[in-house]
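In: need a 3D model of the following:
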Amino acid sequence: MHSDLLLRSGIDQQTYGELSTSPQAGGAQGSRGAAHGRGGAAQGIGGAAHGSTKHYKESKTLEEMWKETKTALAREMNRSNFDLYVRHTHPLAFDRNLGILIIQTPSPQTTEVLRRQFHTVIMRTIHELALRIQGVPVQDVQFQARR
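Out: Got it, this is the predicted structure:
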């Protein structure tokens with residue numbers, strides 16, 4: 001009966017186990033976003049509007065992965081470039097079929113600079129860290145300006 005309830009709620013057994021033992025078991029408190037759409041291969045990040053703790057698990061993974069990447073980039077880039085172009089970026093989505101991580105930037109100008117000048121260093125850093133999202137390696141990073 002317990003597994004039927006989890007199945008109907010869209011929660012897999014592994015996610016339930018991880019969330020029920022986590023100190024933040026209350027859900028995606030403090031997460032950004034609200035009503036991202038469902039479906040498709042790309043999964044955005046957001047709060048409980050998805051109604052699934054499986055989505056919360058992936059969101060946390062995206063946030064943690066990008067935080068780790070930014071920490072490594074802060075060591076590699078000069079401080080003014082990091083502060084201006086990387087510090088205020090956030091993971092937006094991950095396309096599991098293609099391995100593409102989409103990063104939100106604060107402006108179209110930041111998007112262009114990251115795409116033209118820093119894409120190589122960002123990809124090298126991700127590959128050096130051997131980052132995976134739910135077991136899928138990150139193959140590419142794309143940037144999208146906040147709307």
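In: going by C-alpha atoms from here, please, whenever you check contacts or count neighbours.
Out: OK.
In: which outside residues touch stretch 103-121?
Out: 73, 85, 88-93, 141-146 (C-alpha atoms under 8 Å, 6 or more residues apart in numbering).
In: partner strands of the host helix or strand of residue 141, with direction?
Out: Applying DSSP states H and E as the criterion places residue 141 in strand 140-145. Partners of strand 140-145 in the sheet, by DSSP bridges, are strand 100-105 (parallel).
In: which residues of this structure fall in strands?
Out: 42-44, 90-95, 100-105, 132-133, 136-137, 140-145 (DSSP state E).
In: tell me the most buried of these?
Out: strand 90-95 (a mean of 22; mean count of other C-alpha atoms under 10 Å).
In: adjacent strands (with direction) for it?
Out: Strand 90-95 is paired, per DSSP bridges, with strand 42-44 (antiparallel), strand 100-105 (antiparallel).
In: need the contacts of stretch 103-121 in a markdown table with pLDDT and distance to residue 99, can you?
Out: Shown next, in a markdown table, are the contacts of stretch 103-121 (pLDDT from 0 to 100; distance: C-alpha to C-alpha, whole Å):
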| residue | pLDDT | distance to residue 99 |
| --- | --- | --- |
| 73 | 97 | 20 |
| 85 | 98 | 23 |
| 88 | 97 | 23 |
| 89 | 98 | 19 |
| 90 | 96 | 17 |
| 91 | 96 | 13 |
| 92 | 94 | 13 |
| 93 | 94 | 10 |
| 141 | 96 | 9 |
| 142 | 97 | 11 |
| 143 | 98 | 14 |
| 144 | 97 | 16 |
| 145 | 97 | 20 |
| 146 | 93 | 21 |
